[in-house]
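Asker: generate a structure from the sequence data that follows.
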Amino acid sequence: MRSNLPFDTEELRAQDRHWIHPWENFQGAAGKRTIIVEAEGVYFTDSDGNRLLDGPCGMWCVNIGHGNAEMAEAIAAQIRRMTYCSPWSLGNVPAAELSAKLAELSPGDLNHVFYTTGGSTAVDSALRFVMYLNNCLGRPEKKHVISRQDAYHGSTYLSASCSGKLRDKTHLDFETNFIHHLASPNPYRRPEGMSVEDFCDAKVAELENKILELGPDRVAAFIAEPVLASGGVIVPPPGYHKKCLEVCRKYDVLTISDEVVTGFGRLGHFFASEAVFGIVPDIITVAKGITSGYQPLGAVLISDRLIERLSGAQAESGIFANGFTYSGHPVACAAALKNIEIIERDKILEHAREVGPYFQARLREIGEIPIVGDVRGLGLMGCVECVIGQDGKDLLVLDHEIGARIDRHCQALGLVVRPLINMCIMSPPLIITKAQIDELVTALRTGIERAMEEVRGEGLWDG
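Answerer: Presented below is the predicted three-dimensional model:
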């Protein structure tokens, strides 16, 4: 514990300038970040000694909370026992045991596990597996992938190309020849006068029409997050996922469910695809909550049906030449096993299902603030979208900084939020209590109100 020792925040920030962070703004806030020195439970401590409730759960990942001593001991014990061995020619105990456990927990026949280093590499590997599969089956033209606007699938070339957040598409290159994006399934932005049911049918029809436009013999997969997380916690309309799966089955298009965020308890179940949305996809990608962020690990869960199509003579077509030095890393897999044990033993899924509705109800109270356009979410995922536009939907220039203003006020009140342009995203650790939810919502409400009064006082908004 170093919190009792003095920290020089400005010195730390000067050192931090050497670190190019993810999504670094080279003209912006580099060198002004809050520096975290400790964390326990649902709280951070910064270098100035301030206690901050971790609203984003690290990055959707610290599901069992910070500073779990059992996790620390399990990781240390595995390091003492055996730190690493090559996944190419050798197996190891934690990776083997975790594979069997994931097969037990996963829906349907998703009984095969390919280990990666995180969510981006999981999605990348899933896409490469689909391409490999179709090559082995003598279908080299069946390579097109359909995704959606507002989706986020990762930062490798393929996974980033599948992502549909337009604000992330500047000044970088992406694959556009065989990756296609449908409109976002965001009910909040459906056409004026259209019912949610009709909106759902329109989005499903768009998927089918895109498959027909490209040709079913050329479309390999549809990839979708059950809830579009980084795109703004977008919950598609009821029945959307089931209907999309039916369309994919009709045209022999594989369904990849990206559960990097929703897996391991975020919606109260180890996997949300079947338990929450009633579908058993062909492939599931996971990361983040699989170790609760204590170690970097990702995985691709692949159905027996697909593996069987590669057996026998098809297996002679070649090997799946994809993998990583740290695939099935024993320390990371040991962390995942302990994480799952803690989740099951401490009934964390049951707790998440209990407090999730309370979290959603409390968040929705914020919807009465004039600057708030929409409050949405599911389980322990929530988003408050603030707008300045007169119709409550069109983004103006100020909308692109309101989230950062709210985050600044919230940190002063003891809460870290994840600001995404005009949105404040919340995904707290699954162990959060109702009292801590009250603390979170009170600080968020006050932070939004202070930001609203700030822009009003500057003459930038007269709502």
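Asker: how is I256 assigned, secondary-structure-wise?
Answerer: Here I256 is recorded as strand under DSSP: H, G, I helix; E, B strand; the rest coil.
Asker: report pLDDT for it.
Answerer: Looking at I256, its pLDDT reads 98.
Asker: quick one: low-confidence parts of the stretch 1-150 of the chain?
Answerer: The stretch 1-150 of the chain contains residues with pLDDT under 70 at 1-5, 28-31.
Asker: show me where it has its strands.
Answerer: Ranges of strands in the stretch 1-150 of the chain, per DSSP state E, counting those that start in this stretch, are 36-40, 43-46, 51-54, 112-116, 144-148.
Asker: in CSV, list those strands along with distance to V455 and mean neighbour count.
Answerer: C-betas here are computed from N, CA, C, even on glycine. Formatted as CSV, the strands of the stretch 1-150 of the chain follow (distance: least, CB to CB, whole Å; neighbours: other CB atoms under 10 Å):
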stretch, distance to V455, mean neighbour count
strand 36-40, 28, 16
strand 43-46, 26, 20
strand 51-54, 24, 20
strand 112-116, 43, 22
strand 144-148, 32, 24
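Asker: give me the phi and psi angles of the residue nearest to the spatial centre of the chain.
Answerer: Nearest residue to the geometric centre of the chain (CA atoms, centre = their mean): V261, 3.2 Å. Torsion angles at V261 (phi, psi; degrees, to the nearest 10) stand at phi -100, psi -50.
Asker: ok, it to H351 distance?
Answerer: According to CB to CB, to the nearest Å, V261 and H351 sit 18 Å apart.
Asker: what separation do you get for the residue nearest to the centre of the chain and A443?
Answerer: 23 Å.
Asker: show me the domain layout of the protein.
Answerer: Using automatic domain parsing, the domain ranges for the chain come out as 9-64+347-457, 70-345.
Asker: list the buried residues for the longest helix that the chain contains?
Answerer: The longest helix of the chain (DSSP state H) is helix 434-457. Buried residues in helix 434-457, counting neighbours by 16 or more other CB atoms under 10 Å, are found at 436-437, 439-441, 443-452, 454-455.
Asker: kindly report the same for stretch 74-89.
Answerer: A74, I75, Q78, P87.
Asker: mind giving me a markdown table with these and columns for distance to T285?
Answerer: Below are those laid out as a markdown table (distance: CB to CB, whole Å):
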| residue | distance to T285 |
| --- | --- |
| A74 | 24 |
| I75 | 23 |
| Q78 | 24 |
| P87 | 18 |
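Asker: which members of those residues are the farthest-apart pair?
Answerer: A74 and P87 (20.1 Å; CB to CB).
Asker: show me where the stretch 201-350 of the chain has its helices.
Answerer: 240-250, 272-275, 304-308, 330-345, 348-364 (DSSP state H, counting those that start in this stretch).
Asker: mean confidence score for the shortest one?
Answerer: When you say that, I think you mean helix 272-275. 98.
Asker: contacts for that helix?
Answerer: Outside helix 272-275, the residues within contact range by CB atoms under 8 Å, 6 or more residues apart in numbering are 107-108, 226-227, 241, 257, 259, 262-263, 266-269, 279-281, 284.
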